[in-house]
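Enquirer: Sequence plus predicted model, see below.
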Amino acid sequence: MNLQEALGRWLFRFGRDDRLPVVLTQRRIFILPTRAGLLYGVVLCVMLTGAINYNLSLGHALVFLLAGLGLVAMVHTFRNLLGLRLMPGRADPVFAGEAAYFTLHVENALPLPRRALELAFGKNDTVSLEIPGGQQVSVSIPFMTIHRGRLDPGRVTLSSRYPLGLFRAWSYPHPPLSCLVYPKPLETPLPSSTPSWKSTGSRGNSGQEDFSGLRERQANESPRHIAWKAVARDIEHRPLLVKQFDGGAAEELWLDWTQTPSGNDTETRLSLLAGWIVIAAREQRRYGLRLPERSIAPNSGAVHRDACLEALALHA
């Protein structure tokens with residue numbers, strides 16, 4: 001461990017900021033001159049040396065004026081971050097290899113606007129924003145994902161070089177942000193489905209043989225079963241209706257861990273299952289998922305898809 005890593009661990013040894021909102025106080029803000037600021041200081045030193053050698057009173061006045069301007073810029077750069085309040089937002093799940101976007105709500109409680117703010121996770125892309133006085137702005141910060149599972153992006157770097165770029169003030173808050181990362185899907189042909197026979201004496205079952213009536217459509221049901229002719233008679237006042245059948249065999253697709261090649265590693269097998277789930281959901285199939293330690297009953301719809309992908313993401 002080098003000196004920089006040891007210093008970083010000592011400065012940020014307290015972990016996540018569990019007390020919300022996260023307020024940037026004086027102790028949480030760091031400030032140093034930029035390369036332009038260092039060059040600015042060197043030029044002032046040269047000008048001061050020349051003014052002393054040639055006894056130029058106007059030269060002394062110019063040097064002190066520019067030095068005072070630099071100090072004022074330093075104060076404004078520091079104050080541009082002071083007192084900001086951060087609240088974590090929601091991050092939608094993504095597949096491994098995609099960019100996850102973490103929402104952060106930044107509030108400026110003071111009447112002065114905050115300009116030229118920059119936010120980023122480590123070496124990921126930087127997002128810029130400005131916050132008017134007394135307002136709150138929501139920003140989505142990207143983070144490139146690599147592995148599946150529950151992702152903690154770590155500390156976010158909030159920095160500013162406003163107004164002159166001579167100094168850089170920054171802070172490393174660690175709000176409680178997290179995101180679910182699904183396995184990267186490998187789309188291969190679906191395994192064969194299995195007919196699931198149901199009793200012909202029950203009216204509530206959805207087979208494919210004997211028509212038994214109409215009922216209101218549920219949110220996760222396929223549009224292919226909508227009775228368009230019945231709906232068209234009073235489309236403005238009648239809800240969507242689906243055809244209901246009795247008897248027959250409804251195909252149920254089981255996506256089983258044992259159907260993946262045993263010679264592949266765990267991550268590849270999970271990626272194959274993720275690809276099958278994506279295809280089955282796109283084709284509006286009714287499918288279930290079997291893992292070594294968990295099983296999800298057959299169903300369809302976006303909620304069922306997300307539940308299956310979450311099971312893959314959190315598989316031990």
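Expert: Alright, I've got the coordinates. Numbers count the residues shown, from 1 in each chain.
Enquirer: Bridged to the spatially most central residue of the chain, which residues?
Expert: Computing the C-alpha centroid of the chain and ranking residues by C-alpha atoms, centre = their mean puts Tyr101 first, at 2.9 Å. Beta-bridge pairing of Tyr101 under DSSP bridges involves Pro142.
Enquirer: So, low pLDDT: which residues of the stretch 101-250 of the chain?
Expert: Low-confidence segments of the stretch 101-250 of the chain, defined by pLDDT under 70: 193-225, 228-239, 242-250.
Enquirer: so where do the helices sit in it?
Expert: For the stretch 101-250 of the chain, helices defined by DSSP state H, counting those that start in this stretch occupy the ranges 228-232.
Enquirer: Can you verify my assumption that the residue nearest to the centre of the chain contacts Ser140?
Expert: Yes. If you go by C-beta atoms under 8 Å, Tyr101 and Ser140 touch, sitting 4.1 Å apart. Any C-beta I mention is one placed from the backbone N, CA and C, and that applies to glycine too.
Enquirer: In the helix ranked longest in the chain, which residues are buried?
Expert: Among all segments of the chain classified by DSSP state H, the helix with the greatest residue count is helix 57-79. For helix 57-79, a neighbour-count test (16 or more other C-beta atoms under 10 Å) marks Gly59, Val63, Ala67, Gly70, Ala73, Met74, His76, Thr77, Phe78, Arg79 as buried.
Enquirer: who's in contact with that helix?
Expert: 29, 31, 37, 40-41, 44, 47-48, 50-52, 112, 160-164, 166-169 (C-beta atoms under 8 Å, 6 or more residues apart in numbering).
Enquirer: Give me the domain ranges for the chain.
Expert: Listed domain ranges for the chain are 1-181, 183-198+248-316, 210-247 (source: automatic domain parsing).
Enquirer: Return the distance of Ala51 relative to Gly37.
Expert: Per C-beta to C-beta, to the nearest Å, Ala51 is found 21 Å from Gly37.
Enquirer: And for Ser178?
Expert: As defined by C-beta to C-beta, Ser178 lies at a distance of 37 Å from Gly37.
Enquirer: So for those two, which residue has more residues nearby?
Expert: Gly37 (20 against 13; other C-beta atoms under 10 Å).
Enquirer: What segments of the stretch 201-316 of the chain are strands?
Expert: 210-216, 241-246, 249-256, 287-291, 294-299 (DSSP state E, counting those that start in this stretch).
Enquirer: State the mean pLDDT of the helix or strand Ala51 falls within.
Expert: Ala51 is part of helix 35-53, with elements assigned from DSSP states H and E. The predicted model assigns helix 35-53 a mean pLDDT of 96.
Enquirer: for that helix, which positions count as buried?
Expert: Of the residues in helix 35-53, those scored as buried under the neighbour-count criterion (16+ other C-beta under 10 Å) are Gly37, Tyr40, Leu44, Met47, Leu48, Ala51.
Enquirer: just stretch 288-307 next, same as before
Expert: In stretch 288-307, residues buried by neighbour count (16+ other C-beta under 10 Å) are Gly288, Leu289, Leu291, Ile296, Pro298, Asn299, Ser300, Gly301, His304, Arg305.
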